[in-house]
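# Just to be clear, the model below is a prediction. Sequence and coordinates:
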Amino acid sequence: MNPAADFYRDAFARVATTLPGSELPWLRRGREAGLAFFAEAGFPTLRQEDWKYTSVAAIEKSRFMPPPPTANGVAPGLIDAWGLAGTQRLVFVNGRYQPRWSNIDPLPGGVTLASLAEVLERDPQRLEGVLGVLPAGYPSGFAALNQAFFSDGVYLDLAAGVALETPVHLLFVTTEAGLALHTRNVVRAEAGSRACLIEHHVALGDGAYLSNTATDLVVGQDAEVEHLKLQQESLKAFHVAALDVDQQQGSRFVSRSFALGGGLARVDIRVGLNAEHAACTLDGLYMTDGRQHSDHHTRIDHARPYGTSREFYKGVLAGASRAVFNGRVIVQADAQHSDAYQANRNLLLSDNAEIDTKPQLEIYADDVKCSHGATVGQLDPEQVFYLRSRGVGEVDSRTLLTFAFAAEMIGRVDMAPLRARLEKLLLGRLPERVKELV
Amino acid sequence: MLEIRNLHVSINDKPILRGLDLTVRAGEVHAIMGPNGSGKSTLAHVLAGREGYTVTAGEVRYLGRNLLELSPELRAREGIFLAFQYPVEIPGVANIYLLKAAVNALRLHRGEPELDAVDFLALVKDKLRLMGMDTGLLYRSVNEGFSGGEKKRNEILQMAVLEPRLALLDETDSGLDIDALKIVAGGVNAMRSPERAMVLVTHYQRLLNYIVPDQVHVLAQGRIALSGGRELALELENRGYGWVEAAAGQAGGGA
């Protein structure tokens, strides 16, 4: 029994009847199974290989509380400021769907887009196989707590051949300190369908809270799904996110993760290339300052032949911040003709910043193409001198080069309103003088 | 404009320049020639303010000021321009942003207002034509994926836009074919003016067929061993550097 177990058991007893689907016996059993798993496993510790650089002891000590079932107010103006043009927008405040701030335009036939709570109300059997069990394969204390406490999230189902052209913007807002929020998203893209999701986390104020989110994605045969993520949690927040992707034959999946906020942020992305000719791209940019800690763990499982994976993560670390990149790529014996590439580049802007980067290639097939590389460095003094020799001040030169380093990842985002937002956020970190240059 | 007196420079305690004297007046073009390792590029870099060089003795005055106490950016803003032998690639920073940043840094320093976008673009396009360069190059990252010739042309383009008072050209002819050399030389010649001085650092006299210097200096063993007019360069081409080095060695031994 771990010491946090009693606290969460009590918390669960208080809120269980207010959670969506509480009247469904299978879901109740599923939630209790999550709680039981957590009681056994507890929070991850530094002794676990996957968590050796990221201590979550502060989460355990903080005793964050589940949110009240009714949402606190958020000024609509703020929602609009966070919004992105040309999207279907679903707003979740403190883990609960808010229809009045959301905006879902008429959908093409074959698309179901709703909150999980709505689906559990209307059509619960759609979710029984997904929500009734712990996320398969990789249970952790966070997954177990999510399973027990999840309060809402999105459900997106695309029938075969359907293209949802409008990106889906999932805006998760936290309004106060002290909360433990557990959200869960379920996406099913049937054969030949297409969609783009933007998972976006923001906060009112600068308090400490836990945002523990899990997204479960199935990309059917020849389907295409893009998952864009913008993490702007408060600088004292704990953000723990899991993204599990099951790819079918010929499917394509793209993940782009922009981790800018959070005091401690941990992202786990696990992709299974579970049929032939599946392809995935995982990109990311983490920018940390002060005492921020940002951790990306990726795991790509080439389970079948002719899979392709492309990974490219960049980090910019300032202050006394710390980041972790762990990229695990497994090529199973059966996965001949796999093609995997991984790169991780880091810029350390301060002597006190620290990066732990670790590529992990496990290759059991013999006819494969795999490469990886990681770099950690400061700005290139030749580049700095070149700019200075043209009259640009030293500080401006360094800032301009840092901007250029980070901007490469932003340039890869096709969705224009998100790209513009990211550029603005990046520019917001630059002094006025340099903003005029770019 | 530029007065160098008894300049001694070391890199990692190894003396490179050993008592160099040079005076360059406004309107003049000087060629600094010499064998590899004679300190030509060191001179150019020390004047531009690159780190890693230690001045152990002597002084450099530029427009009456002590040049060596100025940062590289201040030197640039005061009108010194170094055309690099190996221009640096800067992925993610578009050529036009660098030009804009540089032009505005100079104007700010001189107390002039920033150029508006239209005037700036007109200025740059004018100079692009001079250098026979495509507008598309403006929007590419600085020197990234440029051919050797494109990089050198890009250096002269920057020089043309920034209109320095003292231009230092470090081996600008290296790696250029004859057509590119003519374009680069044309760009440089178009900038000759009574207010501007130029120092060309070059190993071969080929460049001097196209940019005719007022004075030619031969650097050997860290100081100027010989100075003369245009004809000195031709003599060096015919006789090589050996005889100058031998003479410098004797002179140095006797000193």
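Received the coordinates, thanks. Quick caveat: nothing in here was measured; it's all calculated off a predicted structure.
# Can you show me the strands along the stretch 201-350 of chain A?
A:210-219, A:224-231, A:238-247, A:252-259, A:264-273, A:279-288, A:293-302, A:308-317, A:322-331, A:339-348 (DSSP state E, counting those that start in this stretch).
# what's the third one packed up against?
Applying 3 or more Cβ pairs under 8 Å, 6 or more residues apart in numbering or on different chains; DSSP states H and E, one finds that strand A:238-247 contacts helix A:57-62, helix A:141-149, strand A:210-219, strand A:224-231, strand A:252-259, strand A:264-273. Yep, even glycine has a C-beta here, placed from its N, CA and C like the rest.
# need the contact list for residue 167.
Picked chain A for this. A:84, A:86-88, A:195-198, A:228, A:415, A:418 (Cβ atoms under 8 Å, 6 or more residues apart in numbering or on different chains).
# um, chain B though
By Cβ under 8 Å, 6+ apart, the neighbours of B:A167 are B:81, B:83, B:159, B:188, B:191, B:196-199.
# got any ranges where chain B has weak pLDDT?
By pLDDT under 70, the low-scoring segments of chain B are B:250-255.
# could you pull out the strands for it?
B:2-11, B:14-24, B:29-33, B:54-62, B:65-66, B:80-83, B:90-94, B:141-142, B:166-170, B:197-202, B:215-220, B:223-228 (DSSP state E).
# What strands line up against the longest one, and which way round?
Meaning strand B:14-24. strand B:2-11 (antiparallel) (DSSP bridges).
# hmm, back to that, of the contacts of A:P167, buried ones?
Taking 16 or more other Cβ atoms under 10 Å in any protein chain shown as the criterion, what is buried in the contacts of A:P167 is A:84, A:87-88, A:195-198, A:228, A:415, A:418.
# nearest to chain B, of the residues you listed?
Within the buried ones among the contacts of A:P167, proximity to chain B (Cβ to the nearest Cβ) peaks at A:L418, which comes in at 19.0 Å.
# Contact partners for the closest one?
A:84, A:167, A:198, A:228, A:230.
# hang on, A:V119 packs against A:V130?
No - A:V119 lies out of contact with A:V130 (Cβ atoms under 8 Å); the separation is 10.3 Å.
# out of the two, which sits in the more crowded spot?
Applying other Cβ atoms under 10 Å in any protein chain shown to A:V119 and A:V130 shows that A:V119 carries more neighbours, namely 21 against 17.
# Next, the contact list for the more buried one, please.
A:V119 touches A:112, A:126-127, A:155, counting by Cβ under 8 Å, 6+ apart.
# cool, and B:M159?
B:81, B:83, B:167, B:187-188, B:191.
# Spatially, which two of these are the most separated?
B:F81 and B:G187 (12.7 Å; Cβ to Cβ).
# For these two, indicate the residue with more neighbours.
Using other Cβ under 10 Å as the criterion, B:F81 and B:G187 rank with B:F81 on top: 26 against 23.
# State the distance from that one to chain A.
Counting by Cβ to the nearest Cβ, to the nearest Å, the gap from B:F81 to chain A is 8 Å.
# Disregarding residues adjacent in the polypeptide, which is nearest to whatever residue of chain B ends up closest to chain A?
At 2.8 Å from chain A, B:G92 is the closest residue in chain B, using Cβ to the nearest Cβ. In this structure, B:G92 finds its nearest non-sequential neighbour in A:A404, 2.8 Å apart by Cβ to Cβ, 6 or more residues apart in numbering or on different chains.
# try A:P139
Leaving aside its sequence neighbours, A:P139 sits nearest to A:F37 (Cβ to Cβ, 6+ apart; 6.0 Å).
# Run through who's touching the helix or strand where that neighbour lies.
Here A:F37 is covered by helix A:25-41, with elements defined by DSSP states H and E. Residues outside helix A:25-41 that contact it (Cβ under 8 Å, 6+ apart): A:1-2, A:4-5, A:8-9, A:12, A:16, A:19, A:21-22, A:120, A:124, A:128, A:131-134, A:139-141, A:143-149.
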